[in-house]
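**Q** okay, predicted coordinates and the sequence, questions at the end:
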Amino acid sequence: MKKLWVAFALAAVAALVVVGAQPGDAGAKVDRVFAKWTAGTPGCAVGVASGGKPVLAKDYGMADLEHDVAITPETIFEAGSVSKQFTAAAILWLAREKKLSLDDLVRTYIPELPPYSPDITIRHMLTHTSGLRDWGNVAAIAGWPRTTRVHTHAHVLEIASRQRALNFTPGTHWSYTNTGFNLSAVIVERVSGQSFQDFTRAHLFQPLGMTHTSWRDDYTRIVKGRAVAYRERDKIFSTDMPFENVYGNGGLLTTVGDLLTWNEHFDAAAEGDPLSTALQQQPGRFADGRAHGYALGLFVGTYKGVREVDHSGSTAGYNAFLTRFPDHHLSVAVLCNATSGQATQYAHAVADIYLGDRAKGPAPAPARSTEEIAAHAGMYRSTVTGVPITVGGSRDTLRGRTWTFDGRGAVATDEYGTTERYDRVTAAHPSPQDLAAYTGSYVSDEAETEFRAELKDGQLVLKHRPDTTIPLTPLYADAFEAPQLGTVIFRRDASGRITALSVSQDRVWDLRFVKVKS
């Protein structure tokens, strides 16, 4: 098996031009997908493997604008959350060796976490059903968004250990969170007695011949052949590199060739493979037995009617997408070094070229009529998170779920059968006198920070360290929209007195700040 993977890796490196069996004009079509990336811009590398063989490896744009270094198929990029499947595979390796079980409680290995009831398991973390708040979002609420300071796993552990509540009861909902994969990397280190870098090199990368792959566990380390990442604003590029020493959630440094090699091991793995390829691709399940679309570090679903196993990723200026179409033994890898590099869109466009008429997809869902939308127009508040949606206007906020409206509001049901109740609410228009009741200081031990609610020119704002002012736009009674924060909801006691505020985002539900008495 090792010889097979080494041979595949060597073939991928050698495939600097379009080779192998493929559509006759594939190269020209792929060039059009990446046409915006030139010798004056950052860009992308793309690789395609079909039937277990690399058939395309192409590059567009520059790896380093300052030093005029072009991207090649061997250029190393950071893969963002594509990394998660490798962390899951490391855990699976330990499980196969009977060093741990996916259903072990996380606190068995990370006693720093507070006890929850019911408690979370490793499987919960690897399928995003743990309820753990995303540490990066909590850090951002505290005033330190990722890429603003050198976060380490010590920060991750400290933030996670301070959370007295979960987003939800483990196993009942799905919410994407990096925390579970950082903690999984910590578990690998504690159980194996090795660094995550050494463990994955020995048990994943070297056996498969992934010679260009490592982890950004020390952001100051020199990595030969690495592309610089860039942010694009008003058609001007500036460097946007990740400088943090967290990994497992992201942080994989790799090439398109190595990613194709990795994908091939899912299709050609021998029986008894210690990487547990079949188990890793099984859809996760909620506590009530319903399946959802996330396996162990992998999304499993369909694209235009074709079965797909994939993951996207982004960190700072890097963007990545790795996908497989197992029924057609086809893989596509795209790595980009610009925030405007739409790796997922590019990879799917390339997949369309190779899948041809096999990817026709189901008919689109019928559009909702103007009359239907008008009949239910208004604002609705989620009873789970407090975050509102508005029906009507220019955005179709109902897309992606099935909605049932009643006299009280609506129930939204996603494709996996998870329901969420929305109550109809009235848009609020508080006067300056009404807003004055919200002023004061609010403190969170979980985020280790303080907000000061003040009135500024008749508008309620939150002041935050060191010099941030966040305007609050009224939504419904006691709820406000806050740029950079999400939805801010002021909480009252039984007498109607305001005692706290909470911040709700997609990855942090109801982080409480207690009002401090003057």
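**A** Received the coordinates, thanks. Since this is a predicted model, take the numbers as computed values, not measurements.
**Q** so Gly47 touches Leu330, yeah?
**A** No. Assessed by Cβ atoms under 8 Å, Gly47 is found out of contact with Leu330, at 11.7 Å. To be clear about C-beta, it is placed using only N, CA and C from the backbone, and glycine gets the same treatment.
**Q** higher neighbour count, those two?
**A** Gly47 (28 against 23; other Cβ atoms under 10 Å).
**Q** and the one helix or strand that one maps to, how far from the chain's centre?
**A** Assessed by DSSP states H and E, Gly47 sits inside strand 44-50. The chain centre lies 22 Å from the centre of strand 44-50; the measure is Cα atoms, centre = their mean, to the nearest Å.
**Q** repeat that for stretch 423-439.
**A** How far stretch 423-439 lies from its chain's middle: 34 Å, per Cα atoms, centre = their mean.
**Q** measure that stretch end to end?
**A** End-to-end span of stretch 423-439 (Cα to Cα, to the nearest Å): 27 Å.
**Q** ok, Ala160 to Gly317 distance?
**A** Distance, Ala160 to Gly317, using Cβ to Cβ, to the nearest Å: 27 Å.
**Q** also Gly305?
**A** In terms of Cβ to Cβ, Gly305 sits 34 Å off from Gly317.
**Q** compare these two (neighbour count), which wins?
**A** The residue with more neighbours, out of Gly305 and Gly317, is Gly317; 27 against 12, by other Cβ under 10 Å.
**Q** what values do phi and psi take at that one?
**A** phi -90, psi 0 (degrees, to the nearest 10).
**Q** wait, what's in contact with it?
**A** Applying Cβ atoms under 8 Å, 6 or more residues apart in numbering, we find Gly317 in contact with 42, 229-231, 239-241, 337-339.
**Q** cool, Ser444 as well?
**A** 141, 450, 511-514.
**Q** beta-bridge partners for Leu56, please?
**A** With DSSP bridges as the criterion, Leu56 is bridged to Val48.
**Q** quick check, pLDDT for it.
**A** Turning to Leu56, the model gives it a pLDDT of 97.
**Q** and for Val13?
**A** We have a pLDDT of 45 for Val13.
**Q** next: Asp396.
**A** For Asp396, the pLDDT comes out at 66.
**Q** and the one 3 residues further on, by the same measure?
**A** Per-residue pLDDT puts Arg399 at 80.
**Q** and the end-to-end length of stretch 287-301?
**A** 20 Å.
**Q** just to check, Leu259 is in contact with Arg324?
**A** No. Using Cβ under 8 Å as the test, Leu259 is too far from Arg324 to be in contact (10.3 Å).
**Q** compare those two (neighbour count), which wins?
**A** Between Leu259 and Arg324, Leu259 has the larger neighbour count (other Cβ under 10 Å), namely 30 against 26.
**Q** ranges for the strands of the stretch 251-400 of the chain?
**A** 252-254, 299-303, 306-315, 318-325, 330-336, 378-382, 388-391 (DSSP state E, counting those that start in this stretch).
**Q** so what are the sheet partners of the fifth one and their directions?
**A** In the sheet, strand 330-336 lines up against strand 44-50 (antiparallel), strand 318-325 (antiparallel) (DSSP bridges).
**Q** contacting residues for the nearest residue to Arg107 once chain neighbours are set aside?
**A** Setting aside the residues directly before and after it, Arg107 is nearest to Leu113 in space (Cβ to Cβ, 6 or more residues apart in numbering), at 5.3 Å. Applying Cβ under 8 Å, 6+ apart, we find Leu113 in contact with 106-107, 120, 160-161, 183.
**Q** need the helices for this structure, in chain order.
**A** Residue ranges of the helices in the chain, as given by DSSP state H, are 2-14, 26-33, 84-96, 122-126, 135-141, 153-162, 179-192, 196-200, 206-208, 256-268, 277-280, 343-355, 370-375, 432-436.
**Q** how about the contacts made by the closest residue to Arg408 other than its chain neighbours?
**A** Of all residues not flanking Arg408 in the chain, Asp423 sits nearest, at 6.2 Å (Cβ to Cβ, 6+ apart). Counting by Cβ under 8 Å, 6+ apart, Asp423 touches 380-381, 383, 408-409.
**Q** same thing with Val443?
**A** So Val443 contacts 449-450, 513-514, 516 (Cβ under 8 Å, 6+ apart).
**Q** for it, give its distance to Pro111.
**A** 27 Å.
**Q** same thing with Gln345?
**A** 43 Å.
**Q** so for those two, which sits in the more crowded spot?
**A** The neighbour comparison of Gln345 against Pro111 (other Cβ under 10 Å) goes to Gln345, with 13 against 10.
**Q** ok, the more buried one to Arg399 distance?
**A** Distance, Gln345 to Arg399, by Cβ to Cβ: 18 Å.
**Q** next one: Phe205
**A** For Phe205 relative to Arg399 (Cβ to Cβ), the value is 40 Å.
**Q** of these two, who's got more company?
**A** Phe205 (22 against 10).
**Q** out of the contacts of Gly317, which end up buried?
**A** The neighbour count (16 or more other Cβ atoms under 10 Å) marks 42, 229-231, 240-241, 337-339 as buried among the contacts of Gly317.
**Q** quick one: which of these is nearest Gly289?
**A** The closest of the buried ones among the contacts of Gly317 to Gly289 turns out to be Thr339 (Cβ to Cβ; 39.9 Å).
**Q** check contacts around the closest one.
**A** 230-232, 240, 314, 317, 319.
**Q** distance to Leu435 and pLDDT added to these, as a markdown table?
**A** Shown next, in a markdown table, are those (distance: Cβ to Cβ, whole Å; pLDDT from 0 to 100):
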| residue | distance to Leu435 | pLDDT |
| --- | --- | --- |
| Tyr230 | 41 | 98 |
| Arg231 | 36 | 96 |
| Glu232 | 38 | 94 |
| Asp240 | 37 | 96 |
| Ser314 | 37 | 97 |
| Gly317 | 39 | 97 |
| Asn319 | 41 | 98 |
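**Q** closest to Gln197 out of these?
**A** Ser314 (22.0 Å).
**Q** can you count the residues close to that closest one?
**A** 21.
**Q** give the bridge partners for it, please.
**A** Here Ser314, judged by DSSP bridges, has bridge partners Asn319.
**Q** and the gap between it and Ser83?
**A** Note on Ser314: its distance to Ser83, by Cβ to Cβ, is 11 Å.
**Q** cool, Asn337 as well?
**A** Distance from Asn337 to Ser83, by Cβ to Cβ: 16 Å.
**Q** quick revisit: confidence-wise, which of the contacts of Asp423 comes last?
**A** Arg408 (93).
**Q** if anything else comes up later, I'll come back, but that's it for now.
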